[in-house]
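K.L.:
The following comprises the amino acid sequence and a computationally predicted model.
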Amino acid sequence: MSHVFDSFPRGLMASGNVLFAAAAYFADWSHTHVFNPRWPPHAKFHNGQSMSFGALSALTSLYLLGRRNANAEAAKDSLFVAALVGSLTTIAGLSAIFYPGTAWMDPEYDTGALIGPQGYVFMIQLFVNWTCYNLENARLNKLDKFKK
């Protein structure tokens, strides 16, 4: 995976996806989620599913950013898919509030805010991920034109 840190945007995207997945995992491995006695086993099952999905998404993104590509088009395609895969957990997190009966926080932790803290974290992660994608894509386009 020698290409992961070839450029600042690529390295930031990789680091951001891995750090986001790790932070989300550890945030869920707490008294508010996995160890919350008020949560039924099936809710904890789905929480574990989300935790594993986040880790797998980050690892897939890391693989895509680090693999060798046959040509510039393949490199751009890997970059796009890495950005997309790295965004899936946050997109799912932002969309979860639209399901019936959901809330940003459990009642004992609810502050009454319109958007929970994780909503802002999701939006920041998406912004960083896609900003890095655009910067790295522009760099690859410039390199491709230089080689021609």
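P.N.:
Thanks, I have the structure now. Numbers count the residues shown, from 1 in each chain.
K.L.:
Skip the chain neighbours and tell me the closest residue to Gly16.
P.N.:
Nearest residue to Gly16, sequence neighbours excluded (C-beta to C-beta, 6 or more residues apart in numbering): Val128, at 5.1 Å. (Each C-beta comes from the backbone N, C-alpha and C, glycine too.)
K.L.:
okay but that neighbour is in contact with Ala14, surely?
P.N.:
No. In this structure, Val128 is not within contact of Ala14 by C-beta atoms under 8 Å, at 11.4 Å.
K.L.:
Same drill for these two, tell me which one is more crowded.
P.N.:
Of the pair Val128 and Ala14, Ala14 is the one with more neighbours under other C-beta atoms under 10 Å, namely 24 against 18.
K.L.:
ranges for the helices of the protein?
P.N.:
8-28, 41-66, 72-95, 117-147 (DSSP state H).
K.L.:
could you check the angle helix 41-66 makes with the first one?
P.N.:
Spelled out, it's helix 8-28. 170 degrees (axes from the mean of the first three to the mean of the last three C-alpha atoms, to 10 degrees).
K.L.:
In contact with the residue nearest to Gly16: list those residues for me.
P.N.:
Leu12, Met13, Gly16 (C-beta atoms under 8 Å, 6 or more residues apart in numbering).
K.L.:
Kindly indicate the member of those residues with the most neighbours.
P.N.:
Met13 (28 neighbours).
K.L.:
picking up where we left off before, from the contacts of Val128, which is closest to Asn141?
P.N.:
Distance to Asn141 across the contacts of Val128 (C-beta to C-beta) is lowest for Met13, with 16.4 Å.
K.L.:
Which residue, neighbours along the chain excluded, lies closest to that closest one?
P.N.:
That would be Cys132: by C-beta to C-beta, 6+ apart, it lies 3.9 Å from Met13.
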